[in-house]
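In: 3D model of this:
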Amino acid sequence: MDHHNQTLETKIDPRIAATIDGDERVMAAAQQILKSLGTSNKVTKDMIHILSTFDKRLSSIDAGDGFVADKSEIEEEFEAAEKIVLKWDSNSNTPHYLSLPWEDSPYEASEYLAAVDEILRLTEDLSLSPDGDEIGDRAESVLQMAMARLEEEFRHLLIRNTVPLDAGRLYGSIRRVSLSFASNDGEVEDFESSLEDESGSFHHERGASLGDDLCVDLIHPDAVMDLREIADRMIRSGYEKECCQVYSSVRRDVLDECLSILGVERLSIEEVQKVEWKLLDDKMRKWAQAVKILVRVLLSGEKRLCDQIFGEAELIKEVCFSETSKGCVIQLLNFGEAIAIGRRSSEKLFRILDMYDALANAIPDLQALFPDASGDIVCSEADGILTGLGEAAKGTLAEFENAVQKETSKKPIQGGEIHPMTRYVMNYVRLLAEYSNTLNLLLESDTDSSGRVEGDDDTLQLGSLSPMGCRLLELLSTLESNLDEKSKLYDGGAMQYIFLMNNILYIVQKVKDSELGKLLGNNWVRKRRSQVRQYATSYLRASWTKVLSYLKDDGIGGSGSLSNVSKVTLKERFKNFNLGFEEIYRTQTAWKVHDPQLREELRISISEKVLPAYRFFMGRFGSHLESGRHAKKYIKYTPDDLENYLLDLFEGVPGVLHNLRRKPST
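Out: Residues are numbered from 1 along each chain as shown. Coordinates of the predicted model:
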């Protein structure tokens, strides 16, 4: 003890102290103390270990060339460590890690790692011993054996402690909706009611967004430290390549399994393009969700896991992450490419936009996850697929516009109701409004004013609209033109106007009650409402002018005197009015005006024209027939009867006059 006390009090050479300061002075002082000990290599190493417990920087002190390793001490220490490694050699038929799992044997695991540390330390010390070659060969062999065991333990820990993906929590269930526009012969299909709810709204689920703080453990936290301890020994022993290979192979399989759970299959471009639409729609939906989950959750978690396991070994953890992650990202991008270059069809547009948005939002995260040169191919590929999806979206929108323009079904819709094309197009574009930010970005460079008629109100409005608004305006103008052509399929002019009122008002309501109103503006809505009123006026003229002409007093005779009224002419007038009214009642009760308010307004307008004219005619000429025989044959209805019957118009149910109860006359 006296000798040790004396040496610990030894002073540092003043010339050294004069040339260094701070951290260097601490290191130099510790070095000087060790040199002053003048004892065996083992004691020196023990002393370094003791000093490093006070300051980790002191663990890197070199004992110096002044010490000669004691061969017997090295052999003794090596054999003790070797014995531990050999005890766990996996030459038996039953693998050791199955009979005694690493994480279930913390003492044995700690002992084994300490033995590896000792061998590594002794290997470094062999350069100090002239007789180190023999022990060095043995150390290399034992170290190789130890690394094989650690490699297997590393693999086993990774596999056993992988946390299963909770797909239900991350992904959720999204109701699949299939879209359809036209059949092969160009006729508009009978669109299934499943596409609409009771309010007539078209549904397309975009999928739930992920929270910013969503984070999952990919490996059970308790196992991370064990993995880090093993990785540290393998890297220090020069087995970083084997460590990376094991990590990447296990975790790559896990990520592939995650994609499978999320519904993403490994398909070639050719296979994707052969998938029928209903199944493809589901795959596209799942792809958009999988991109969000893979990048925001799984790859972010994988990056964090690499940081935890490989610590400050920057190059190794970057290589491990890249080798683990690139494969599943490329698999996802291959599907995106297949969609981008696939056949254009209008029903795909919303799924393509979902995919575009998902990938656009993911690219900044991908760039952050793959910042080095090894990730350039991933980010470059993602950028290319994003551009392709954008072009596909624009091309698909153009395909939809073309389909609206060329829809040439020749079968009139019964009752003048809303045309299926109108319903479909409006529900389609109403949903498009939800993607207005994306479409404005994609369409910004495509806005073109060619082919527009100068002075048209809609054309003049284009300058104040967004790119998306401009395309919607043109699309709806195309729809209106198509509807105008379809109205000509009806024989009677009156029903043409009912058809146009129904359809234009439906368009107006879909615009007014959605984001479309903001895109197209109030002027557009006001203009179409005015158009509906004009159609109503035209309907009244086309439907009731002839019937009301029988209630005029010209041609009845009398030259202003009622005494000379021609009863024959009067009977003919009542008869013709009755026939005309009954024909209108029979046909127009079968017509359907979809909107209750419009239906009521039309009835009021008809009543305001018919009832006063009928009351006046009855009041002036009814007495000439009421006293005669068969008066009821000509004067069949009272004004109250007519008012009651008019309430049955436009209900879509053919009415029969004699089956209806008449209001009692007052």
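
In: which residue sits closest to P467 in space, ignoring its chain neighbours?
Out: Take P467 and drop its neighbours on the chain: the residue closest to it by Cβ to Cβ, 6 or more residues apart in numbering is L443, 3.9 Å away. Any C-beta I mention is one placed from the backbone N, CA and C, and that applies to glycine too.

In: quick one, what contacts the one you found?
Out: K394, P467, M468, C470, R471 (Cβ atoms under 8 Å, 6 or more residues apart in numbering).

In: cool, and C243?
Out: Contacts of C243 by Cβ under 8 Å, 6+ apart are E151, F154, I230, A231, M234, I235, I316.

In: Just the pLDDT at the fourth one, thanks.
Out: On the pLDDT scale, A231 is placed at 94.

In: any idea how the chain splits into domains?
Out: Structurally, the chain divides into domains by automatic domain parsing as follows: 1-65, 167-405, 409-541, 550-659.

In: out of those, which comes closest to A109?
Out: Between A109 and those, the shortest separation by Cβ to Cβ is 7.0 Å, and it involves domain 167-405.

In: Quick one: distance of that closest one to the chain centre.
Out: The chain centre lies 10 Å from the centre of domain 167-405; the measure is Cα atoms, centre = their mean, to the nearest Å.

In: gap between V295 and E485?
Out: Taking Cβ to Cβ, to the nearest Å as the criterion, V295 is separated from E485 by 48 Å.

In: And K567, by the same measure?
Out: 49 Å.

In: what about the stretch 351-500 of the chain, any weak spots by pLDDT?
Out: 447-463 (pLDDT under 70).

In: For it, just list every one of the helices.
Out: Using DSSP state H, counting those that start in this stretch, the helices assigned to the stretch 351-500 of the chain run over residues 376-406, 420-432, 436-443, 457-461, 467-487, 493-512.

In: can I get those helices in a markdown table with distance to L332?
Out: Shown next, in a markdown table, are the helices of the stretch 351-500 of the chain (distance: least, Cβ to Cβ, whole Å):
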| stretch | distance to L332 |
| --- | --- |
| helix 376-406 | 9 |
| helix 420-432 | 25 |
| helix 436-443 | 19 |
| helix 457-461 | 42 |
| helix 467-487 | 28 |
| helix 493-512 | 36 |
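
In: Among those, single out whichever gets nearest to W287.
Out: Nearest to W287 among the helices of the stretch 351-500 of the chain is helix 376-406 (10.8 Å), distances taken as Cβ to Cβ.

In: Show the contacting residues for the residue lying closest to R599 once chain neighbours are set aside.
Out: With sequence-adjacent residues excluded and distances taken as Cβ to Cβ, 6+ apart, R599 is closest to V593, at 4.0 Å. V593 sits next to G416, I498, M501, N502, R599, L602, F650 when contact means Cβ under 8 Å, 6+ apart.

In: Relative to D222, which of those is nearest.
Out: N502 (67.7 Å).

In: Can you tell me how far that closest one is from M426?
Out: From N502 to M426 the distance is 12 Å (Cβ to Cβ).

In: Neighbour count: the two, which is higher?
Out: Taking other Cβ atoms under 10 Å, N502 and M426 do not tie; N502 has more neighbours (28 against 24).

In: who's in contact with the more buried one?
Out: Under the criterion of Cβ under 8 Å, 6+ apart, the contact partners of N502 comprise G416, E417, I418, K592, V593, H594, D595, L598.

In: Now for these, which sits with the most neighbours around it?
Out: So for the contacts of N502 (other Cβ under 10 Å), the most neighbours sit at G416, 29 neighbours.

In: re earlier: who wins for proximity to V142 among the domains of the chain?
Out: Closest among the domains of the chain, using Cβ to Cβ: domain 167-405, at 11.0 Å.

In: Now E417: closest residue in space, sequence neighbours ignored.
Out: K592 (4.8 Å).

In: residues in contact with that neighbour?
Out: Residues touching K592, when contacts are defined by Cβ under 8 Å, 6+ apart, comprise G415, G416, E417, N502, F650, E651, G652.

In: Neighbours of the closest residue to N161 other than its chain neighbours, how many?
Out: If the residues on either side of it in the chain are set aside, N161 comes closest to A223, at 3.8 Å by Cβ to Cβ, 6+ apart. In terms of burial, A223 registers 18 neighbours under the definition other Cβ under 10 Å.

In: Hmm, L157 and A223 touching each other?
Out: Yes - taking contact to mean Cβ atoms under 8 Å, the distance of 5.4 Å between A223 and L157 places them in contact.

In: Give me the lowest-pLDDT entry from the contacts of V593.
Out: Among the contacts of V593, G416 carries the weakest pLDDT, at 92.

In: any idea how far it lies from L500?
Out: G416 sits at a distance of 9 Å from L500 (criterion: Cβ to Cβ).
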